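In: I'll drop the sequence and a predicted model, then ask my questions.
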Amino acid sequence: MTTILVTGATGQVGRRFVPRLLQWVRPGEKVRVLVRGQDSADHFTALGAEAVLGDLREAADRKRALEGVDAVVNVAAAFRGVPDEEAWAVNRDAAIALGEEAAAAGVRRFVQTSTNLVYGAGRGRPASPEDRPDPEATWGVYPRSKAEAEAGLAAVSGLDPVVVRLAFVYGEGDPHLSDARRFIADWPAHRRLPMVHHADVAQALFRALRTPGIEGRQYNAADDAPVTSWDIHRINGWTFPEANADALDPDPWNGIADNLSLRDELGWRPAYPSVWSARDAGAL
């Protein structure tokens with residue numbers, strides 16, 4: 001019986017991915033989650049998953065979670081608002097340790113979630129999965145910790161992780177879209193933010209889990225139409241700051257990532273090609 005371990009199941013991505021994964025798995029396959037609280041364990045057990053109580057940062061907990069596992073989807077992430085040391089501990093150290101232990105346990109597919117912010121700026125074009133990560137310090141330790149996790153996992157013998165780099169994730173009640181106000185406050189109206197809906201993140205992760213022959217590859221999960229700062233204000237019902245009216249964008253390709261390989265190699269097609277299609281469908 002195949003067992004798939006998902007970490008980060010209680011986060012914004014994981015809590016939307018796991019229910020879909022439970023619907024998509026084949027008869028006889030099991031989905032296991034590693035969660036820290038009994039309430040979370042009860043929630044996922046009620047959905048049909050197998051829950052292991054523990055902390056991704058603890059070796060003994062990782063070992064129990066990996067027992068009998070055939071595939072891992074590491075969605076766990078310490079994001080904005082957490083101390084830097086926690087971000088490094090979860091995003092880099094625990095991820096690499098999990099990868100090392102997964103390889104030793106004979107796991108056949110390891111999917112690592114990352115971020116399009118690992119690319120950094122200054123390319124003059126959309127970032128390609130083949131580009132070397134060079135994250136900017138302006139986004140804090142999150143992209144740097146994810147970039148170092150990618151490098152560390154790639155160095156694990158016998159692991160060959162599949163990496164899915166996510167754009168700005170939104171939808172289905174995720175407050176991420178309204179939280180954007182904090183970091184676009186000084187953006188010019190035409191500066192673009194690459195986005196990807198939770199439904200499309202889920203199918204990208206599932207295809208990364210299932211598609212044969214893609215070991216060691218990286219993919220960008222981003223929708224087809226990055227949204228402007230002006231439109232983010234409109235979607236949220238905010239007034240655009242007059243002070244930004246004459247502002248300029250020094251790097252119009254910053255953060256924009258090419259999703260072609262995800263389409264061509266994994267057959268991915270966004271259910272919501274833009275934030276506007278998600279809005280019209282009532283999926284924000």
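Out: Noted; the coordinates are in hand. Being a predicted model, the structure only gives us computed values, none of them experimental.

In: quick one: low-confidence parts of the protein?
Out: Where the chain drops to pLDDT under 70, the residues are 1.

In: run through the helices of it in chain order.
Out: Using DSSP state H, the helices of the chain run over residues 14-24, 38-47, 59-66, 84-87, 95-104, 141-154, 176-179, 198-210, 229-236, 260-266, 275-280.

In: nearest to Leu117, of those?
Out: Nearest to Leu117 among these is helix 141-154; the distance by CB to CB comes to 3.7 Å. Quick note: C-beta positions are derived from backbone N, CA and C, even for glycine.

In: got the end-to-end distance for stretch 47-54?
Out: Taking CA to CA, to the nearest Å, stretch 47-54 runs 19 Å from one end to the other.

In: kindly report the same for stretch 231-245.
Out: End-to-end for stretch 231-245, by CA to CA: 14 Å.

In: now stretch 183-193
Out: In terms of CA to CA, the two terminal residues of stretch 183-193 are separated by 11 Å.

In: buried sites along that stretch?
Out: Ile184, Trp187, Pro188, Ala189, Arg191, Arg192, Leu193 (16 or more other CB atoms under 10 Å).

In: kindly reformat these as a markdown table containing distance to Ala147.
Out: Shown next, in a markdown table, are these (distance: CB to CB, whole Å):
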| residue | distance to Ala147 |
| --- | --- |
| Ile184 | 23 |
| Trp187 | 24 |
| Pro188 | 27 |
| Ala189 | 30 |
| Arg191 | 23 |
| Arg192 | 22 |
| Leu193 | 20 |
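
In: OK, contacts around Val75?
Out: By CB atoms under 8 Å, 6 or more residues apart in numbering, Val75 lies in contact with Val6, Thr7, Gly8, Ala9, Gly11, Val13, Gly14, Phe17, Thr113, Leu205.

In: likewise Ala247?
Out: Applying CB under 8 Å, 6+ apart, we find Ala247 in contact with Asp186, Trp187, Pro188, Ala189.

In: go on, Ala204?
Out: Val164, Leu166, Val196, Tyr219, Ala221, Leu262, Leu266, Trp268.

In: now, among the contacts of Ala247, which is nearest to Asp134?
Out: Here the nearest of the contacts of Ala247 to Asp134, counting by CB to CB, is Trp187; it sits at 21.5 Å.

In: how far away is the closest one from Pro143?
Out: Computed as CB to CB, to the nearest Å, the Trp187 to Pro143 distance reads 18 Å.

In: what about the contacts of Ala204, which are in strands?
Out: Residues of the contacts of Ala204 located in strands (DSSP state E): Val164, Leu166, Val196, Tyr219, Ala221.

In: how about the residues you listed, which pair is most distant?
Out: Based on CB to CB, the longest span within these runs between Val196 and Tyr219 and measures 11.5 Å.

In: any idea how far Trp238 is from Ile184?
Out: Applying CB to CB to Trp238 and Ile184 gives a distance of 10 Å.

In: buried residues in stretch 247-257?
Out: Those would be Trp253, Asn254, Gly255, Ile256, Ala257, for stretch 247-257 by 16+ other CB under 10 Å.

In: same check, this time on stretch 34-51
Out: Using 16+ other CB under 10 Å as the burial criterion, the residues of stretch 34-51 that qualify are Leu34, Val35, Ser40, Ala41, His43, Phe44, Leu47, Ala49, Ala51.

In: swap in stretch 224-240?
Out: Judged by neighbour count using 16+ other CB under 10 Å, the buried positions of stretch 224-240 are Ala225, Pro226, Val227, Thr228, Ser229, Trp230, Asp231, Ile232, His233, Ile235, Phe240.

In: what's the answer for stretch 271-283, then?
Out: Buried positions in stretch 271-283, judged by neighbour count with 16+ other CB under 10 Å: Ala271, Tyr272, Ser274, Val275, Ser277, Ala278, Arg279, Ala283.
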